[in-house]
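**Student:** how would this look folded up:
(chains A and B)
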Protein chains: 2
Amino acid sequence: MTTSTSSPATVDNGVNVTALLDAREALEKAPAAAQFKWRATCQWLNGTHSRSTIGKYFGLGVEHSRDKTFAVEADHPKVFAAEDQAPTPVELVLSGLASCLTAGVAAVAQRRGIQLQSVKASLEADMDIQGILGIDDEVRNGFGAIRVHFDIRADASDDDIKSLVAQSQKRSAVFDIITNPTSVSVTVN
Amino acid sequence: MTTSTSSPATVDNGVNVTALLDAREALEKAPAAAQFKWRATCQWLNGTHSRSTIGKYFGLGVEHSRDKTFAVEADHPKVFAAEDQAPTPVELVLSGLASCLTAGVAAVAQRRGIQLQSVKASLEADMDIQGILGIDDEVRNGFGAIRVHFDIRADASDDDIKSLVAQSQKRSAVFDIITNPTSVSVTVN
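**Tutor:** Below is the predicted model:
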């Protein structure tokens, strides 16, 4: 790693920072527009296999339709006597954390004039399945702990690279969702 | 909805409950085998677009390789000046919650001898993006609240259906991850 000699103008990580800064300025004056609603609809297929579809969302005061609808499948693995047709739900959560932090690294690097060459995040999460199996009520159902390791190549010093990740973490929606409690209400029929 | 007349033997939701009960019995005697490690590796593609790969995991005391590796992409939407090539990271988390609760409904229904016809979960999460944009430090980055609504058709009474969802929620890994804090450590290079 070398100290950056790039100017912000020549750096291109594929993030439109000007538009994001403009959005921030606009939303400072119109906080109601900052209220978003994200959605997913999940259809049971068979056994533990399901397909979630993701399309519309609400934000900037209006409903947004995408050009396409995204599908995300989930299943349980063979060691749970399931068919392993898709990632487990907890692995989807890990992917959400990984992608949120990675997108943040790219955005912060762009803002700071740091050209990225490559970013790879490796995540591992501990889970004691005595929780979900109902063996021991003292054991939580979810993860005991999550470890994220970033391997980043960029035109920047090691300290500047560490600082990119720290800033991404500070503003990450999924990092916050996992490290802090969120209220979930569940209704039926 | 009518009261169930099916016996467990004739109900088929595609979940192998006998294997799960056997696993529970085996793990009660060998809690070390219940320690799992779930993993994801995320590669930055461009801008806020990334691809996570999900394959190996550890559990029952050994490493497990799957027949295939799963890929889960994420991106930011056009209103964030991104290319909207995949769901947002927070929508992946919603999919993880939806699929975890849905798989639980199928497993609990099988255990209780309730034949499912259809299960659909609709999720909506509030997010004030003043948090991630750094406009207001009092606003959290993640979701303000999540609402899950299940529409379930099954050979069971309304009360029995409500009870299915309650039990699934009680043993859901992702529900726990979202509603309770989890420690996340992040290291770089």
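
**Student:** What count of nearby residues applies to the nearest residue to residue A:32 once chain neighbours are set aside?
**Tutor:** Using CB to CB, 6 or more residues apart in numbering or on different chains and skipping residues adjacent in sequence, the residue nearest residue A:32 is residue A:61, 6.7 Å away. No exception for glycine: its C-beta is placed from N, CA and C like everyone else's. Look at residue A:61: counted by other CB atoms under 10 Å in any protein chain shown, it has 10 neighbours.

**Student:** Tell me the pLDDT of residue A:61.
**Tutor:** Note for residue A:61: predicted pLDDT of 95.

**Student:** which helix is the longest one in chain A?
**Tutor:** helix A:89-111 (DSSP state H).

**Student:** Just confirm yes or no for that one near chain B.
**Tutor:** Yes - contact of helix A:89-111 with chain B (CB under 8 Å from any CB of the partner chain) involves A:89-103, A:105-107.

**Student:** Going by neighbour count, list what's buried in whichever helix or strand comes after that helix.
**Tutor:** Beyond helix A:89-111 in the direction of the C-terminus, DSSP states H and E gives the next helix or strand as strand A:116-128. Buried positions in strand A:116-128, judged by neighbour count with 16 or more other CB atoms under 10 Å in any protein chain shown: A:116, A:119, A:120, A:121, A:123, A:124, A:125, A:126, A:127, A:128.

**Student:** Bridge partners for the fifth one, pull those for me.
**Tutor:** Per DSSP bridges, the residues bridged to residue A:123 are residue A:148, residue B:40.

**Student:** and the gap between it and residue B:54?
**Tutor:** From residue A:123 across to residue B:54, the span is 10 Å (CB to CB, to the nearest Å).

**Student:** do the same with the first one
**Tutor:** Residue A:116 sits 23 Å away from residue B:54, taking CB to CB as the criterion.

**Student:** Write a ChimeraX command that selects only the buried members of the residues of helix A:89-111 next to chain B.
**Tutor:** Buried subset of the residues of helix A:89-111 next to chain B, written as a ChimeraX selection, criterion 16+ other CB under 10 Å:
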select /A:89,90,91,92,93,94,95,96,97,98,99,100,101,102,103,105,106,107
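
**Student:** returning to that earlier point: could you redo the buried residues of strand A:116-128 as JSON lines and give each row distance to residue A:66 and pLDDT?
**Tutor:** Formatted as JSON lines, the buried residues of strand A:116-128 follow (distance: CB to CB, whole Å; pLDDT from 0 to 100):
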{"residue": "A:116", "distance to residue A:66": "26", "pLDDT": "98"}
{"residue": "A:119", "distance to residue A:66": "25", "pLDDT": "98"}
{"residue": "A:120", "distance to residue A:66": "28", "pLDDT": "98"}
{"residue": "A:121", "distance to residue A:66": "25", "pLDDT": "98"}
{"residue": "A:123", "distance to residue A:66": "27", "pLDDT": "98"}
{"residue": "A:124", "distance to residue A:66": "32", "pLDDT": "98"}
{"residue": "A:125", "distance to residue A:66": "30", "pLDDT": "98"}
{"residue": "A:126", "distance to residue A:66": "35", "pLDDT": "98"}
{"residue": "A:127", "distance to residue A:66": "33", "pLDDT": "98"}
{"residue": "A:128", "distance to residue A:66": "38", "pLDDT": "98"}
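
**Student:** Assign a three-state SS to the closest residue to residue A:28 other than its chain neighbours, would you?
**Tutor:** Spatially, and ignoring its direct neighbours in sequence, residue A:28 is nearest to residue B:135 (5.4 Å; CB to CB, 6+ apart). Classification of residue B:135 by DSSP: H, G, I helix; E, B strand; the rest coil places it in coil.

**Student:** Isn't residue B:135 up against residue A:26?
**Tutor:** No - using CB atoms under 8 Å, residue B:135 makes no contact with residue A:26, being 10.3 Å away.

**Student:** Around residue A:78, count how many other residues there are.
**Tutor:** 12.

**Student:** cool, residue A:147 as well?
**Tutor:** Residue A:147, neighbours per other CB under 10 Å, totals 16.

**Student:** Which residues are in contact with it?
**Tutor:** A:123, A:124, A:125, B:184, B:185, B:187 (CB atoms under 8 Å, 6 or more residues apart in numbering or on different chains).

**Student:** Now do the contacts for the third one.
**Tutor:** When the contact criterion is CB under 8 Å, 6+ apart, the partners of residue A:125 are A:90, A:94, A:143, A:144, A:145, A:146, A:147, B:37, B:38, B:39.
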